[in-house]
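In: sequence and predicted structure below; questions after.
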Amino acid sequence: MFLGLGWDEDKTTARRHYRRFYPDELENVREIIPNPSPFNAYDLKRGQSRGAKVSMWKSLFGGVKHDASGEATTEHFTGRFKAVIEVEAKEDRKEYLIKKKDLIERLKSSLK
């Protein structure tokens, strides 16, 4: 499916361009990103997982959730945080940048 965007300056120009529409996140579309998702995903939760007070209303009519230890919990899922997180030492980063610069210089000289 494509979405037509753009405009025509007059009746003779046909400068409309089209954008492809994907109904899902691009990381789930295999033709865009063939590998599994490059993102680290962390569930975001809200509430208290241990020692939560159970209201009388919930204790009478059910709906009380319990965690693995059997204690009442008010924790619920609110969303998902996705990011690419890389952790490296400063020395390793400097070494990588030096090697990268050297490689680029050798490629430039080879092309000349």
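Out: That came through fine.
In: can you tell me the centre-most residue of this structure?
Out: The central residue of the chain, meaning the one whose C-alpha is nearest the mean C-alpha position (C-alpha atoms, centre = their mean), is Lys82 at 3.3 Å.
In: mind listing the residues bridging to that one?
Out: The partner list for Lys82 in beta bridges (DSSP bridges) reads Ala41.
In: wait, it touches Pro38, no?
Out: No - Lys82 lies out of contact with Pro38 (C-beta atoms under 8 Å); the separation is 9.5 Å. Heads up, the C-betas are built off the backbone N, CA and C, glycines and all.
In: distance from the chain centre to stretch 93-110, please.
Out: Shown here is stretch 93-110, whose average C-alpha point lies 30 Å from the average C-alpha point of the whole chain (C-alpha atoms, centre = their mean, to the nearest Å).
In: make that stretch 30-44, sorry
Out: Taking C-alpha atoms, centre = their mean, one finds stretch 30-44 lying 7 Å from the centre of the chain it belongs to.
In: now do it: everything it contacts.
Out: 22, 26-28, 77-85 (C-beta atoms under 8 Å, 6 or more residues apart in numbering).
In: first to last residue in that stretch, what's the distance?
Out: Taking C-alpha to C-alpha, to the nearest Å, the first and last residues of stretch 30-44 lie 26 Å apart.
In: shaky segments in this protein?
Out: Counting by pLDDT under 70, the low-confidence segments of the chain come to 1-9, 13-18, 52, 54-64, 66-70.
In: where do the strands sit along the chain?
Out: 2-5, 17-20, 40-46, 65-66, 72-73, 76-83 (DSSP state E).
In: most tightly surrounded among those?
Out: For the strands of the chain, the largest average neighbour count (mean count of other C-beta atoms under 10 Å) is found in strand 72-73, namely a mean of 18.
In: that one packs against which elements?
Out: Counting contacts by 3 or more C-beta pairs under 8 Å, 6 or more residues apart in numbering; DSSP states H and E, strand 72-73 packs against strand 65-66.
In: buried stuff in the longest helix that the chain contains?
Out: When the chain is scanned for its longest helix (criterion: DSSP state H), the result is helix 90-111. Buried positions in helix 90-111, judged by neighbour count with 16 or more other C-beta atoms under 10 Å: none.
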